[in-house]
Structure formats: structure tokens, C-alpha cells
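In: A structural model of the following input is requested.
(one chain, ligands or ions: 1)
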Amino acid sequence: MIALSCSACGAESPDRDLLACAGCGDLMTFTLDTAAVDAHVIEEKARMRRSLTNALDRSGVWRYRELLPPIADDAITTLREGDVPLYDGPRGAAFAGVDRLAYLHQGMNPTASFKDAGMTVAISRARENGARVAVCASTGNTAASMAAYAARAGMTAVVIVPVDGISPAKVAQTLDYGAHVVAVEGDFDDALRAVRALDPKTVAVVNSVNPYRIEGQKTAAFVLLEQRGWKAPDWVVLPGGNLGNASALGKGFREARAIGLTTHAPRLAVVQARGAAPFALAWRDNRDLRPVRAQTDASAIRIGAPASWKKARAEVRASGGTALAVSDAEIADARAVIGRDGVGCEPASAASLAGLRALVANGTVARDADVVCVLTGHVLKDTAYAAAYHASAAANANAVVRDVEIGDYLNLVLLSRA
Ligand code: F0G
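Out: Predicted structure coming up:
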């Protein structure tokens, strides 16, 4: 029903927990026998489960469990993740230059990022295997997610983070869930290299090199489609760092179409920050990826050697999509606009809207296109960034007023809206 094989050479693996192909060293991937799945059964089960009360059925991941690698029910560790909303974004649409726009807000997950949809599957599998320790490298969100699910599963969590430049809010969250936090001299790429050198037989490695993570994250495609009556948008625009999410969403949409849940799959646009854009550069020049030393204020995507670039390239190609880079200033402005839609997100997430704006300006995306921007993390994930943004904008925007002046200030605000 669902087999594990190498994403590059196709070699099948009887070992269901292999991370890298024994032959060529590339990443492993699950392949679903889509011909054996009945779309109506999946749709009906999803509808029915949404109305039930147990956590497994209410999870946006596990209500699609027939499309996931099988895991024993008593090993499943869920926080009712994955059931994230689509919001309309009129100000974002105007900013990008499209008639209408929706945000898929993956920041509305239990630990406030998209990682939870993959983590519930990876940790459940680790638990089924009897693992006692879970490890990941992270720019902060994988760390927080793994820490939470490991805590629920009764496992010890060890996260490896770059010593500088990750959001303090994410570190605090990770510590709250009881994880050990180890800072490495170096960046995310150094941390991931160290983690990939570990023996996955002794510890559970739950970065997105773990194919169970990708399987969980692919369900975001189903959750998106389900909320649109199974009609796919023309474009899905999302930020790219290590490129697990682009791989996962591409796989989800591709499977949804193959099964017959939807008639077409959206085109994927992967947006990177200009200082951390090895994938966008490789795409532009139509060549293989060359790692870079990454630098961007969007710390979640400060990644120079993305592990899943081949998988992501295959998905973007198959979807008829594209990849591009935007500046940190463009990301900052886009993030503020998403806030004004009453939604909000962390900086990396806003790369999606900044990227959409660039794609409309250069004619790749039509003004009347039906577009969904994926917001990967919650606004409270990086409060320091938001505070700094508003501090620099404070001079002209929000006056500091004393009590006696509040009435005058409100009058001014009302006048300025008139
Ligand atoms: N957006 C946010 C908020 C992220 O945290 C990440 C990655 C991405 C986008 C990029 O997703 O790696 O699948 O391409 N964060 C990882 C972490 C690396 O450690 O939390 P990707």
C-alpha cells in the first residue's frame, strides 16, 4: 500500500526506518499506491471524523491515516495538529496585486508552526519503535515541535541549534517542553550535518530527512483542498528553507490528484530570502544546487545547504511551478501587511506574500489567479523581530501619549480614517 524507496535511484528498502539510501545516499521517500485508494471513501471518512470527538479523528493529520504509513494506534502521539484554517487576505491581495488571496495559516498548530503535522507522525513512529531519545537540528520551530511531541511520548528531546540568531521565543518554548538545548558554534547547516551523522538506530532523528515527517506534512495539502470543496487553487506560494515543506506539499497535491480527490494540482512557488537562496539560484540557472553561507533576518529560513532540494525540485517541476528570492526588506513589509489582515505570522512565513508580489509584477502569476500563500509560523514566534520593526516605524506611526491626551489621540485616529 505504501512502500519506502530512494527518492533518487528508486531502490526499495525493506527497512522502514532508513533515512538515506544504502546505495546512493539520497533521501528516502514513501510511495502511496494511489490506484488502490478510493477518493470517495477518503472524503467521507474525513467528513465523518471531523464530527467525532477523539483526538485522533480530530487531528488534521490522522483523519487521513489511510494515506500515511501504518502506525499502531497506541503509539500515536497527537496534539490535534494539522487542522489549520484558510483565511482570506484582502490587504495581502492588494499588496501583491491579485484580485483575491487566501492564507493557509500553519502557525495555528499546537506549537504554532507547520512542523507539528510532520512531527506527530515522526514521533509516533519513533515511539512505536521504542525509541527513548529524539534529536533534531533546528532554527527553532522543529525544536519546539519535537520537544512538545517528545514530552507527550515520554521521550527525551535533544535539540541542536545554531549558537547565534535564532528567535529567543522559540528557545524559551523548547525549554518549556523540557528539551535539552545544545548550541553549536556554527549555523543550521553545521547542526544538521552533526545530526545526520548520528546512528538513527540509537536515537530518533526527526528532521525532515526523516520520510515520516514528509508524510505528516503532506496532509496540509488535503486540509487546504478540503476547505475549498476539493477545488485546487492555481498557485500555492510558500517559503523554502531546508525544503521539506515544499517537498511535502507537492507530494500531497500530487497524490490528491492521482487519487481523484481533486481534478488538478496547484503550481508551487517556493520563495527564499535573498541571502539564503541556493534553491532559487539553482532554479534560475537551471543547474544543481550549490550550498551557500546563509544570512537573513528571517532566521527560520537561514539555511544554505537544504537537505531536500532534489525532492523539492522534482515537485516544483511536476507542478509547473517556480522558485525565486526576495529581499529581507520585502519580507519585512509583507509581514506587516499580513498583520494588517488581522492574521500575522513570523518573518520567514511572509516570504510567501513578498514572493507573490514579485511574481505578479513580473507576469508569472496573473492578477485574476486563485492563490493561496502558506504562512508557516505564528506571529508570536518572533516577537523580537516584530518589536524591532515597530520601534523603527514608531516615529511616524504610533505616538506615545499620556492619559490626558488619549481622547485627543483617538479623535485624530478617527479623523485620519474619515
Ligand atoms: N517557515 C518557517 C517558520 C520555518 O521554521 C521553516 C523551517 C521554514 C519556513 C522552511 O521550511 O525547511 O521545510 O523549507 N524551519 C526549520 C526549523 C528548518 O528548524 O524549524 P522548510
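
In: contacts, neighbours, all on C-alpha from now
Out: Noted.

In: the helices in the stretch 1-150 of the chain, which residues?
Out: With helices called from DSSP state H, counting those that start in this stretch, the stretch 1-150 of the chain shows them at 39-50, 55-58, 90-96, 115-128, 141-153.

In: Briefly note if the last one comes near the ligand.
Out: Put plainly, it is helix 141-153. Yes - Helix 141-153 lies within reach of the ligand by C-alpha under 6 Å from any ligand atom, at 141, 142.

In: Let me see the confidence value for the nearest residue to residue 112 once chain neighbours are set aside.
Out: Once flanking residues are discounted, residue 112 sits nearest to residue 378: 5.3 Å by C-alpha to C-alpha, 6 or more residues apart in numbering. Listed pLDDT for residue 378 reads 98.

In: So that it lines up with my notes, have the first residue be 633 from now on.
Out: Yep, numbering from 633; the last one is residue 1010 now.

In: From residue 691, how far out is residue 1010?
Out: Per C-alpha to C-alpha, to the nearest Å, residue 1010 is found 19 Å from residue 691.

In: Stretch 674-685: which residues count as buried?
Out: Using 16 or more other C-alpha atoms under 10 Å as the burial criterion, the residues of stretch 674-685 that qualify are 674, 675, 677, 678, 681, 682.

In: Can you pull the residues of the stretch 633-782 of the chain lying near the ligand?
Out: Neighbours of the ligand within the stretch 633-782 of the chain, by C-alpha under 6 Å from any ligand atom: 770, 771, 772, 773, 774.

In: Could you do the stretch 883-1032 of the chain as well?
Out: Checking the stretch 883-1032 of the chain against the ligand by C-alpha under 6 Å from any ligand atom, the hits are 932, 933, 980, 981, 1008, 1009.

In: CSV for the helices of the stretch 633-782 of the chain, including mean pLDDT and distance to residue 862?
Out: Shown next, in CSV, are the helices of the stretch 633-782 of the chain (pLDDT from 0 to 100; distance: least, C-alpha to C-alpha, whole Å):
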stretch, mean pLDDT, distance to residue 862
helix 671-682, 97, 9
helix 687-690, 95, 19
helix 722-728, 98, 22
helix 747-760, 98, 20
helix 773-785, 98, 29
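
In: Please work out which of the ones you listed is packed deepest.
Out: Highest mean neighbour count among the helices of the stretch 633-782 of the chain (mean count of other C-alpha atoms under 10 Å): helix 747-760, with a mean of 28.

In: just checking, what packs against it?
Out: Helices and strands touching helix 747-760, by 3 or more C-alpha pairs under 8 Å, 6 or more residues apart in numbering; DSSP states H and E, are helix 773-785, helix 843-858.

In: Reformat these as CSV; add distance to residue 807.
Out: Shown next, in CSV, are the helices and strands packed on helix 747-760 (distance: least, C-alpha to C-alpha, whole Å):
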stretch, distance to residue 807
helix 773-785, 8
helix 843-858, 22
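
In: closest one to residue 712 among the ones you listed?
Out: helix 773-785 (11.3 Å; C-alpha to C-alpha).

In: Relative to the whole chain's centre, how far out is the closest one?
Out: 15 Å (C-alpha atoms, centre = their mean, to the nearest Å).

In: thought residue 788 was touching residue 813?
Out: No - using C-alpha atoms under 8 Å as the test, residue 788 is too far from residue 813 to be in contact (11.3 Å).

In: Run a quick neighbour tally on residue 805.
Out: Using other C-alpha atoms under 10 Å, the number of residues around residue 805 comes to 20.

In: buried stuff in the host helix or strand of it?
Out: Using DSSP states H and E, residue 805 falls within helix 800-808. Within helix 800-808, the residues that count as buried by 16+ other C-alpha under 10 Å are 801, 802, 803, 805, 806, 807.

In: Turn those into JSON lines, including pLDDT.
Out: Shown next, in JSON lines, are these (pLDDT from 0 to 100):
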{"residue": "801", "pLDDT": "97"}
{"residue": "802", "pLDDT": "98"}
{"residue": "803", "pLDDT": "97"}
{"residue": "805", "pLDDT": "98"}
{"residue": "806", "pLDDT": "98"}
{"residue": "807", "pLDDT": "98"}
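
In: Out of those residues, which is nearest to the ligand?
Out: Nearest to the ligand, judged by C-alpha to the nearest ligand atom, of the buried residues of helix 800-808 is residue 802 at 9.1 Å.

In: So the closest one sits against residue 1012, correct?
Out: No - taking contacts as C-alpha under 8 Å, residue 802 lies outside contact range of residue 1012: 9.2 Å.

In: where does the stretch 683-832 of the chain have low pLDDT?
Out: Along the stretch 683-832 of the chain, the model assigns pLDDT under 70 to no residue.
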